[in-house]
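Trainee: Can you look at this prediction? I've put the sequence above it.
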Amino acid sequence: MAPPIYSALIISLGLGTTMTFASTHWYLTWMGIEINTLAIIPLMTQNHIPRAIEAATKYFFAQATASATLLFASTSNAFLTGEWDILHTPYSLTSTLMTLALAMKIGLAPLHSWMPEVMQGVNLLTGLVLSTWQKLAPLYLIYQIQPNSPNIFITLGILSIFVGGWGGFNQVQLRKILAYSSIAHLGWMILILSFSPPLALLTIMIYLMMTFSLFSSFMLIRTTHINSLSTTWAKIPILSISTPLILLSLGGLPPLTGFMPKWLILQELTKQDLAPLATIAALSSLFSLYFYLRLSYAMTLTMPPNNPAGTLPWRLNLKHKTSFMALTTISTITLLPMTPAIMTLLPF
C-alpha cells in the first residue's frame, strides 16, 4: 500500500473516533463510526489474500447491520422525543436497540460470532487495531446511553465472560484466542458499567495496555500459531519470560496488574448486593485462565523438535522499536501495588 493512502486511512481512523467523541448529535456520531469502519476495511485487505478478503467482507456485513440498527434506533428516538441529543434516550425500546447495535459493533456475546472469524483473517497489526481502537467509539456511546435498567448490561456482560472463556478452548490459532480474550474482557467492562462508570474506564485503560503489550510481543516473535511459540527462546529470549507474565496478567492472577480491575469489579458487585453475580463472573473467568495458562505452557515448557541452524535470531539487531512496548509490558506486570494511588485519581 502506498504511503499517502496508508496515511490517509490512519488519519481517517483517528478522525472517525474523534468525531464520535466530540459529538452530541446522534447523526454525527453515526457518521464518525462509519468513517472509522470504512477506513479499517482497506487496511484489512492490504495483503490481497482470499482469507483477508473474506474477513473484510464478514466485518463489513456485521458492521453494516449494526450501523443500520443504530441509525434506525436513533431516528426512532428522535421521532419520539423531538431531539437528537445522545443523552436524551428516555424510551427503553430505543435505548435497548442502540445498546444491542453497539454491542454487535464491539463483539459482545451473543452478537460476537463475526469477531473470531475476522480476527483470524487479518494480520496482527490490524488485529490490534480491531481489538483496541475500534472499540473506543462504541464503548463511549454505550457509556452515554446508560439505560434505566442495568439488566441488559448484566446479561451481555455475563454472556461475554462465559463465551469469551469457553470459546478459547481447543483453539490453536493465536488470533482467535486473542479475539475470545477480547470478548471476555469487554464483558467485565460492560458488567460494571451501570454500577461504577469510573471503574469501567479503569478496566478499559488496563485492557488497552495489556492487549497492546501482548500483540506487540507476538508481532516481534512473528507467530500466529500456538505450536510456534516454543521457538520464542531462540528468537528473543527475554520474551519467553515477559510474555507468559503478560498472559497471566490478562488472566487476572495476582500479583500482576490484570488482577486489579477484576478485584475492584468483584468488590463493587458485592457492595451492590450482587454476590451471586460476582461469583458467576469469577468462576466464568477460570475458562479464560485455562487458555492463558496453555499459551504460557507452550511458550516456556515446550521445546521445538529441531534447533535453528546457524546464528540464533536473538543475536541479530531488531528492526522494530520496542521502547513503548517495554513500557506497557512493565506496566502490565507491576502496577498492582499502585492500586490505592490509581483509585485516588479516578472520580469514584
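Mentor: Yes, it's here. Numbering: from 1, shown residues only.
Trainee: mind listing what's buried in the longest helix anywhere in the chain?
Mentor: Criterion DSSP state H: the longest helix present in the chain is helix 50-81. Within helix 50-81, the residues that count as buried by 16 or more other Cβ atoms under 10 Å are 52, 55-56, 58-60, 62-63, 66-67, 69-71, 73-74, 77-78. (Glycine included, C-beta is placed from N, CA and C.)
Trainee: Give me the pLDDT value at the closest residue to Ala78 other than its chain neighbours.
Mentor: Spatially, and ignoring its direct neighbours in sequence, Ala78 is nearest to Trp84 (5.0 Å; Cβ to Cβ, 6 or more residues apart in numbering). Trp84 carries a pLDDT value of 89.
Trainee: Next, the contact list for Trp84, please.
Mentor: 25-27, 74, 78 (Cβ atoms under 8 Å, 6 or more residues apart in numbering).
Trainee: I'd like these laid out as JSON lines, including pLDDT.
Mentor: Output for these, formatted as JSON lines (pLDDT from 0 to 100):
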{"residue": "His25", "pLDDT": "89"}
{"residue": "Trp26", "pLDDT": "91"}
{"residue": "Tyr27", "pLDDT": "90"}
{"residue": "Ser74", "pLDDT": "92"}
{"residue": "Ala78", "pLDDT": "91"}
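Trainee: Can you add distance to Phe324 and give those back as JSON lines?
Mentor: Conversion of the contacts of Trp84 to JSON lines gives the following (distance: Cβ to Cβ, whole Å):
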{"residue": "His25", "distance to Phe324": "35"}
{"residue": "Trp26", "distance to Phe324": "35"}
{"residue": "Tyr27", "distance to Phe324": "36"}
{"residue": "Ser74", "distance to Phe324": "37"}
{"residue": "Ala78", "distance to Phe324": "42"}
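Trainee: Off-centre distance for the longest helix of the chain?
Mentor: 19 Å (Cα atoms, centre = their mean, to the nearest Å).
Trainee: other SSEs contacting that helix?
Mentor: The contact analysis (3 or more Cβ pairs under 8 Å, 6 or more residues apart in numbering; DSSP states H and E) places helix 50-81 against helix 26-44, helix 92-106, helix 114-121.
Trainee: any idea how far the residue nearest to Ala78 lies from Thr37?
Mentor: Separation of Trp84 from Thr37 (Cβ to Cβ, to the nearest Å): 21 Å.
Trainee: Ok, Phe79 next?
Mentor: 25 Å.
Trainee: ditto for Ala78
Mentor: Counting by Cβ to Cβ, the gap from Ala78 to Thr37 is 22 Å.
Trainee: what do you get for Tyr297?
Mentor: 37 Å.
Trainee: Please identify which of those two sits among more neighbours.
Mentor: Thr37 (21 against 15; other Cβ atoms under 10 Å).
Trainee: quick one, what contacts that one?
Mentor: Each residue near Thr37 by Cβ under 8 Å, 6+ apart is listed here: 16, 60, 63, 67.
Trainee: Now that the third one has come up, it's in contact with Lys105, right?
Mentor: To tie it back to what came earlier, the one meant is Gln63. Yes - at 6.4 Å, Gln63 counts as touching Lys105 under the criterion of Cβ atoms under 8 Å.
Trainee: Quick check: buried residues in stretch 204-212?
Mentor: 204, 206-212.
Trainee: With stretch 293-305 instead?
Mentor: Here stretch 293-305 shows 294-296, 298-299 as buried, counting by 16+ other Cβ under 10 Å.
Trainee: so how far is that stretch off the chain centroid?
Mentor: Mean C-alpha position of stretch 293-305 versus that of the full chain (Cα atoms, centre = their mean) differs by 24 Å.
Trainee: Averaged pLDDT, that stretch. What do you get?
Mentor: Mean per-residue pLDDT for stretch 293-305: 83.
Trainee: what does it rub up against?
Mentor: 174, 177, 226-227, 229-232, 234, 240, 243-244, 247-248, 251.
Trainee: List just the nearest of these to Pro147.
Mentor: Of all these, Gly251 has the smallest distance to Pro147: 30.6 Å, by Cβ to Cβ.
Trainee: Counting neighbours, what do you get for that closest one?
Mentor: By the measure other Cβ under 10 Å, the count of residues near Gly251 is 24.
Trainee: same question, Arg222
Mentor: 12.
Trainee: Count the neighbours of the closest residue in space to it that isn't next to it in sequence for me.
Mentor: Nearest residue to Arg222, sequence neighbours excluded (Cβ to Cβ, 6+ apart): Lys235, at 7.7 Å. Neighbourhood size, Lys235 [other Cβ under 10 Å]: 18.
Trainee: Would you mind measuring from Lys235 to Arg294?
Mentor: Distance, Lys235 to Arg294, by Cβ to Cβ: 20 Å.
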